[in-house]
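Have a look at this fold, sequence not included:
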């Protein structure tokens, strides 16, 4: 009975604007943050490096894209190219002697400028035409990365990340790389939770709902959309740099292809547009569900429960994965975040049933 609004009284506007109006929500977030910080102490290195670390980084990438797609309502099918710009720019900047902290900011700024240029060129279109414009960015960046040896070293070259330190702490051990990625993901989470309450966030929502109506009430559509592309691309560029230094540690052009952009869009849609927790849930589902399904199918095949045809086994996890995505979207079109919100609201009034919706 402790998860209740009863007994929570707001006597000021500041109290009413709190992020977590229910004390239990606040303590739950603190507990999750402590568990995340202490993960290297109780999670094996295999699971930390193979599952938890990529989940944290891709959640940050999903949050970056959610700002553009969820709040501003601008479709982007070339976000992997934005991350590629940040990854390659950060590696070359560090190799040129730039401190890693400054290289992260500069790589984000380079990604933001290029992303804003493409976004600015596409601001006069919307819908499928905007999708085609962002696809053009994806394929153009892919072509430049592959065909300019000064950037990637060639189509089949691997660009290794140099040893770096962040705030005088070496980013070499798995725990150090995990904490750096977690810090960036937490920073983006806090930013996203607060940006909705700013004038910039409200302008993004107005543009998303109806851009010409937003112009009538004084919101500049061109400036707001351009700032959305700039901010989202900056966060995506820094995330790409952290992905390169903390997880991949060796970058190839194939790691930022069009399929990665589709995965990022799937993370945002499955998790829930414009939702913070949806970005985390969507990234976890899209990233980890195929791995768990593959292991499950392999275990069932070893036990003789499914046919042992290699071709069938290789496609069965993807079939189940696709069916799960369709099922989730049919069950709740607003994504996993809405399912979580329904469960949360149920416990707000439990054991009563009259306010389940």
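Perfect, I can see it now. Remember, predicted model here, so these are calculated numbers, not experimental data.

quick one: residue 29 and residue 52, what's the gap?
Per CB to CB, to the nearest Å, residue 29 is found 18 Å from residue 52. Quick note: C-beta positions are derived from backbone N, CA and C, even for glycine.

Looking at the two, which is more packed in?
Set residue 29 next to residue 52 and count neighbours by other CB atoms under 10 Å: residue 52 wins out with 19 against 13.

Check what pLDDT the more buried one gets.
Per-residue pLDDT puts residue 52 at 94.

quick one: contacts for it?
Residues counted as contacts of residue 52 (CB atoms under 8 Å, 6 or more residues apart in numbering) are 39, 43, 178.

Over to residue 247?
Each residue near residue 247 by CB under 8 Å, 6+ apart is listed here: 53-54, 57, 177, 181.

neighbours around the closest residue in space to residue 262 that isn't next to it in sequence, how many?
Spatial nearest neighbour of residue 262, chain neighbours left out: residue 77 (7.3 Å); criterion: CB to CB, 6 or more residues apart in numbering. Taking other CB under 10 Å as the criterion, the count of residues near residue 77 is 21.

now swap in residue 86 and tell me
Count around residue 86 with other CB under 10 Å applied: 33.

got it, and residue 186?
When counting by other CB under 10 Å, one arrives at 15 neighbours for residue 186.

Could you do the one 5 residues further on as well?
Using other CB under 10 Å, residue 191 has 14 other residues around it.

got the residue ranges for the strands in the stretch 201-350 of the chain?
For the stretch 201-350 of the chain, applying DSSP state E, counting those that start in this stretch gives strands covering 250-251.

in it, which spans are helices?
Secondary structure of the stretch 201-350 of the chain (DSSP state H, counting those that start in this stretch): helices located at 211-216, 221-243, 258-271, 276-303, 310-331, 336-349.

Among the ones you listed, which one carries the weakest average confidence?
helix 310-331 (a mean of 74).

what does that one rub up against?
266, 269-270, 285, 289-290, 293-294, 296-298, 301, 306-307, 335-336, 339.

thinking again about what came up before, let me have the contacts of residue 52 in CSV, adding pLDDT as columns.
Formatted as CSV, those follow (pLDDT from 0 to 100):
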residue, pLDDT
39, 93
43, 91
178, 95
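
As CSV, those with secondary structure and neighbour count would be great.
Shown next, in CSV, are the contacts of residue 52 (DSSP: H, G, I helix; E, B strand; the rest coil; neighbours: other CB atoms under 10 Å):
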residue, secondary structure, neighbour count
39, helix, 18
43, coil, 16
178, helix, 24
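
Format those as JSON lines; extra columns: distance to residue 136.
As requested, the contacts of residue 52 are exported to JSON lines (distance: CB to CB, whole Å):
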{"residue": "39", "distance to residue 136": "40"}
{"residue": "43", "distance to residue 136": "41"}
{"residue": "178", "distance to residue 136": "36"}
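
For residue 63, state which of these is nearest.
Closest approach to residue 63 among these (CB to CB): residue 178, at 17.4 Å.

re earlier: in the contacts of residue 247, find the pair that's most separated.
The largest separation in the contacts of residue 247, counting by CB to CB, is between 54 and 177 at 11.2 Å.

Between these two, which has more neighbouring residues?
Using other CB under 10 Å, the more surrounded residue of residue 54 and residue 177 is residue 177, with 22 against 19.

The helix or strand harbouring the more buried one vs helix 276-303, what angle?
Counting by DSSP states H and E, the element that carries residue 177 is helix 174-195. Relative orientation of helix 174-195 and helix 276-303, computed by axes from the mean of the first three to the mean of the last three CA atoms, to 10 degrees: 140 degrees.

Counting by contacts, list what helix 174-195 packs against.
Where contact means 3 or more CB pairs under 8 Å, 6 or more residues apart in numbering; DSSP states H and E, helix 174-195 is packed against helix 23-37, helix 39-42, helix 53-66, helix 221-243, helix 276-303.

Nearest to residue 262 among those would be which one?
Smallest distance to residue 262 across the helices and strands packed on helix 174-195 (CB to CB): 9.8 Å, for helix 276-303.

Need the pLDDT of residue 73.
Confidence score, pLDDT, at residue 73: 85.

Now it. Nearest residue, chain neighbours left out?
Closest to residue 73 by CB to CB, 6+ apart is residue 208, at 3.2 Å.
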